[in-house]
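Novice: Provided below are the primary sequence and the corresponding predicted coordinates.
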Amino acid sequence: MMSEVYDIAILGAGPAGISAAIYAARAKMNTLWLDKQFAQGGQILNTYEVDNYPGLPGISGMNLGEAMGEHAAKLGIEPVRENVLAVEDAGEEKIIRTKKNEYRARTVILACGASHRRLGIPGEEELSGVGVSYCATCDGAFFKDKTAVVVGGGNMAVEDAIFLSRICKKVYLVHRRDELRADEILQESLTADGNVEVIWNSVAVEIQGEECVTGLRIRNVQDNTESVINTDGVFIAVGIIPNTEKFSGLVKLDESGYIIAGEEGITQTPGIFAAGDIRTKMLRQVVTAVSDGANAVTSAHNYLIRQR
C-alpha cells in the first residue's frame, strides 16, 4: 500500500490519457499515470492511417501514438505498467487498486478507452489468432496474396477493407444493410479498389475451420438463404464497447455503458472525470480524445482549487 496521495491519477494511455498526462505535467500536478499496455496510443495503434489529425495528414496510428508518448516523456512523465482492478470513492481521496499496489489520489481521470465488439458466433473465439482478427493493420501482412473477409459497415470496416485490398488477392466486405455507414471519402476509396467485393444485406453466422479459418458462413437477411465464402481470414469490425465494467458502481453510465460526462469531463461523482472514447459524446476521434484529456485535467485542477 502506497502512503503518498497524488493530486491526480490518470488511467489509460490512449490519446485522451496521453493528453491528460501532458497537461497535468505542465500544471506541475503530482501525477500518477497507469496503463497496462506496453505501447502508448490505445486504439490508434491499430489504425493503418490517420488522415484527419490536423497538421499530420497520412501519419500511421503507430507513429502518432509514439510521437504523443514521446511528448509526454519529454515532460518527465511516463505510465506505470499496471492493470487497474478497481477504483473506490473514499470521499476526498480515491483508492486505485492494481494487482501490485493500492494508490490514493484526490482526483481520477478515467481514460481507459474502448474495446472491439465481438460477433458472438461459432468459431470466433476458437479461431481467434489463427485467422480471426480485430486488427487489419496488426495482422493483415499474414494474408498477403490470400483472401480475407471484413465484417462491418462503418469507418473501421471500410478502412480495414481498403488496407487489406493492398495486401490480399481478394477482399469481401460483408454488411447487414444495403448501404454503408462509413464516410463518403472512404467509400470512394473502397469502390476504387478493384479487388474488393461488397456483400450486402448479410450477416455472419459461423466462422469455419479446424486449425485455421477456411470459410465464413453468411445469411442473407432478406430471404434467409445461407452461403459460404471461402476465405483465409475474417476481420471483425463491428464497433466498440467502452471499457467501463470496473467503474459501473463508481460513476453513472448510459444504456450503452458509456460514462455520462460532458465536454468538461465532469461525472456525477465528485473528483472523478472521464475523457476519450469512454464517455458519452457525438464524435469519437483522436482529435476529440486529445481535447477531452486537456479539458478533464483543467476540470480536475479547478476541483482541487475549490477543495482547498
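Specialist: Yep, it's here. Residues are numbered from 1 along each chain as shown.
Novice: which parts of the strand or helix carrying Arg104 are buried?
Specialist: Assigned by DSSP states H and E, Arg104 belongs to strand 102-110. For strand 102-110, the neighbour count (16 or more other C-beta atoms under 10 Å) marks Tyr103, Arg104, Ala105, Arg106, Thr107, Val108, Ile109, Leu110 as buried. C-beta: built from backbone N, CA, C; applies to glycine.
Novice: try stretch 22-39
Specialist: Neighbour count says stretch 22-39 has Ile22, Tyr23, Ala24, Ala25, Met29, Thr31, Leu32, Trp33, Leu34, Asp35, Lys36, Gln37 buried, by 16+ other C-beta under 10 Å.
Novice: and what of stretch 257-272?
Specialist: For stretch 257-272, by 16+ other C-beta under 10 Å, it's Tyr258, Ile259, Ala261, Gly265, Ile266, Thr267, Thr269, Gly271, Ile272.
Novice: run the chain-centre distance for the strand holding Arg104.
Specialist: How far strand 102-110 lies from its chain's middle: 22 Å, per C-alpha atoms, centre = their mean, to the nearest Å.
Novice: name the helices or strands packed onto that strand?
Specialist: strand 5-11, strand 31-35, strand 93-98, strand 272-274, helix 286-307 (3 or more C-beta pairs under 8 Å, 6 or more residues apart in numbering; DSSP states H and E).
Novice: of those, flag the one that's most buried.
Specialist: strand 272-274 (a mean of 28; mean count of other C-beta atoms under 10 Å).
Novice: check which helices and strands it is in contact with.
Specialist: Under the contact definition 3+ C-beta pairs under 8 Å, 6+ apart, strand 272-274 sits against strand 102-110, helix 286-307.
Novice: thinking again about what came up before, for the buried residues of strand 102-110, which two are the farthest from each other?
Specialist: Maximum pairwise distance among the buried residues of strand 102-110 (C-beta to C-beta): 16.2 Å, between Arg104 and Leu110.
Novice: list the buried residues in whatever helix or strand comes next after the strand holding Arg104.
Specialist: For strand 102-110, the following helix or strand on the C-terminal side (DSSP H and E) is strand 114-116. Residues of strand 114-116 classed as buried under the neighbour-count rule (16+ other C-beta under 10 Å) are Ala114, His116.
Novice: now stretch 149-158: buried residues?
Specialist: Val149, Val150, Val151, Gly152, Gly153, Gly154, Asn155, Met156, Ala157, Val158.
Novice: the second one against Ile162, yeah?
Specialist: No - under the criterion of C-beta atoms under 8 Å, Val150 is not in contact with Ile162, lying 9.5 Å apart.
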